[in-house]
Every structure is written in C-alpha cells, then in structure tokens.
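Let me see the structure of the following:
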Amino acid sequence: MTFATTDTLTKQQFIQYYRQILLPEVAELGQQKLLNQHLIIIGVGGLGTHVAQQLTAAGIGHLYLVDDDKIESSNLPRQILFNPESIGQYKVSHAAAELIKLNPDVKVTTYAERFSKDFSESLFAGNSALKQANEDERLILLDCSDNMPTRQLLNHWCARHFIPLVSASVSAFSGQLMLIDGKSTPEAGCYQCVFSS
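This next block holds a predicted model:
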C-alpha cells in the first residue's frame, strides 16, 4: 500500500480548511504538511477517540488506529465516537467508519490488536507506506494507551526508529502531555528517563 503526497491543495481542500490556512502558524504549507502526515494512535478510548476526531477534522492525511478492545456500554459517556448500536464491535473498526464519515479524504488503517513486541516488529514490514513515511520524517506516534508496560514498549520502539512520540494521559480532572523526539532533541532523553518503570 502506498500513499501519494500532496504538493498543492485542491480548491475543495482550500475551502474546507480555509479557517486554519488563515492562521499564520498553519498557512497553506502547514495544511499540506497535515495532509501528508501519518499518525499512529495507540489506544482508541477516551483520549484516543477525541484525538482521532480532531485530527480527522483538521485534515490529517493518514491515521493508523491500534487497539484490541471492543466497545462496551461503559465506554459511551467518554468515547463519543461510539453509540449503543456499536456495542460489541471492535473500537478501531467502528472509529474508522465514523472518521471517514467526518472527513472522507482521511486514509484510516486499523489494527484490532494490542501493541506488543511482535506487533511492533512486524509493523513496518507489513506496511510500506508507514515505513516510507518514517524515512521521510512524516510519521508521529500518539500514545493514548492506559498502562505502563505499553507506554514503555512504545517509547522503546519510537526511540529505536527515531519516531517522535507524543505521550498523553487523562485521569479524572488531571492530564499530562509530553513530546519526545530523539532525532531533534536527543539530549532531552525519553519516556523511560522520566518514568523508569
């Protein structure tokens, strides 16, 4: 699977993203970068569903959703991509269908499995577009997982492949957000430097 990059915006894209393009921090070049960006979201729960919706609406080009959970009724108050009819479905499958309705231009690839060492080893081998995006520095991983072993594994994988890692978590009324980029700022360390276990 390969995805072409966008060098110019279509008339429809310019109209759709006009309010963002007006922002000097984004402009037309920034919108093109969004359309060419590849993002892996690990965890399609309370945080991951909101992040995926906002990125899709903003015009992100390529999303990869990774989660092995199925939708339960207790998810519905926080995970607003889901509804009572979606209970029992895989989160990634239902989320992908809803995201494509929100923005048909987004390319969504789903993995209904847990991020494990074996999965991480096979990810680039099974997706040439993802590997190419990493080589072109157009790949970011968003950690929306909910457990420390997964967070440490994600950190290790990102550090090994020099993939920028955005680690976020929310609990009750508190949250944290951290960007780790071993290529741009190797002196800043990584997730394991801050949270050793």
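
For the residue nearest the centre of the chain, list each beta-bridge partner.
Taking C-alpha atoms, centre = their mean, the centroid of the chain lies closest to residue 41, which sits 3.1 Å from it. Beta bridges link residue 41 to residue 65, residue 142, judged by DSSP bridges.

now residue 113: how far from residue 44?
12 Å (C-beta to C-beta, to the nearest Å). For every residue, glycine as well, the C-beta is placed using N, CA and C.

Equivalent analysis for residue 141, please.
14 Å.

if you count what's nearby, which of residue 113 and residue 44 comes out ahead?
The residue with more neighbours, out of residue 113 and residue 44, is residue 44; 30 against 13, by other C-beta atoms under 10 Å.

what residues are up against that one?
52, 65, 66, 67, 69, 79, 81, 91, 92, 95, 144 (C-beta atoms under 8 Å, 6 or more residues apart in numbering).

what does residue 46 give?
By C-beta under 8 Å, 6+ apart, residue 46 lies in contact with 75, 78, 79, 170.

if we go to 6 Å?
By C-beta atoms under 6 Å, 6 or more residues apart in numbering, the residues touching residue 46 are 78, 79.

and what of the one 4 residues further on?
Contacts here follow C-beta under 6 Å, 6+ apart; on that basis residue 50 touches nothing.

how does it look with 8 Å?
residue 80.

ok so, going back, between the contacts of residue 44, which sits nearest residue 166?
residue 144 (9.1 Å; C-beta to C-beta).

those helices in this protein, which residues are they?
11-16, 18-21, 27-36, 46-58, 91-102, 117-123, 128-135, 148-161, 191-194 (DSSP state H).

for the fifth one, packing partners?
Here helix 91-102 touches helix 46-58, strand 62-66, strand 107-111, going by 3 or more C-beta pairs under 8 Å, 6 or more residues apart in numbering; DSSP states H and E.

Tell me which of the helices of the chain approaches residue 183 most closely.
Nearest to residue 183 among those is helix 148-161 (9.8 Å), distances taken as C-beta to C-beta.

before we move on, the earlier item: generate CSV for the helices of the chain, with mean pLDDT and distance to residue 180 as supplementary columns.
Below are the helices of the chain laid out as CSV (pLDDT from 0 to 100; distance: least, C-beta to C-beta, whole Å):
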stretch, mean pLDDT, distance to residue 180
helix 11-16, 93, 31
helix 18-21, 94, 26
helix 27-36, 95, 20
helix 46-58, 96, 17
helix 91-102, 97, 24
helix 117-123, 89, 16
helix 128-135, 89, 15
helix 148-161, 90, 7
helix 191-194, 66, 6
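
nearest to residue 174, of those?
Each of the helices of the chain has some distance to residue 174 by C-beta to C-beta; the shortest is helix 46-58, at 12.5 Å.

in that closest one, what counts as buried?
Residues 46, 47, 48, 49, 50, 51, 52, 53, 55, 56 are the ones in helix 46-58 that count as buried (16 or more other C-beta atoms under 10 Å).
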